[in-house]
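Trainee: Let me see the structure of the following:
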Amino acid sequence: QVQLVESGGGLVQAGDSLRLSCTASGRPVSSVTMGWFRQAPGKEREFVGALTRSNNSVYYADSVKGRFTISRDNAKNTVYLQINSLKPEDTAVYYCASGVRIFWTMIRRPSEYDYWGQGTQVTVSS
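Mentor: Predicted coordinates:
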C-alpha cells in the first residue's frame, strides 16, 4: 500500500520561507511522477509543480515560478517543496501526489495521480 505523508506546514508571515516534505512508503519516489497541489478555501485544487519520473524534469505553475522549488531525496524517499517569499495568497492546504504513467503534458491534472497525501496547512499572514 502506497502512503504519502506531508509535513512542514504552519502559520508564517509574508516574506517567510517554508519547506514542505512528502515522505512516501510503498513505492520509491524515484519511480513515479511526484506532484504538488494546493487548495484554498472555496477554490479548486490547483497545480503547483511536479517532478517527472521519465526525465527528472521539474515543472511549475506560472504563479509560483521563481519562488517554489521541488527536490527529491531518494535515500529518504521524500520529495520537498521549498517555498520562499511567501504571500498571503499562498495560504492553502498543500498536497503531494504520485502517479506512475503521467505524460508530461498531463501533469497539471489531479485526476492523473493515483495516490495523495492528507495535506498540510500553510497560512500566511500579512
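Trainee: What residues does the residue nearest the centre of the chain make contact with?
Mentor: Nearest to the geometric centre of the chain sits Trp36, at 2.1 Å (CA atoms, centre = their mean). By CB atoms under 8 Å, 6 or more residues apart in numbering, the residues touching Trp36 are 20, 22, 48-50, 68, 70, 79, 81, 94-97. Just so you know, the C-beta spots here come from the backbone N, C-alpha and C atoms, and that holds for glycine as well.
Trainee: do the same with Ala97
Mentor: Leu4, Met34, Gly35, Trp36, Phe37, Pro110, Tyr113, Tyr115, Trp116, Gly117.
Trainee: Could you point out the member of these that lies closest to Glu44?
Mentor: When those are compared for distance to Glu44 (CB to CB), Pro110 wins out at 8.9 Å.
Trainee: Now do the residue nearest to that closest one when sequence neighbours are not counted against Ser63, distance only.
Mentor: Closest residue in space to Pro110, ignoring its immediate chain neighbours: Arg45 at 5.3 Å, by CB to CB, 6 or more residues apart in numbering. Counting by CB to CB, to the nearest Å, the gap from Arg45 to Ser63 is 14 Å.
Trainee: Thanks a lot, catch you later.
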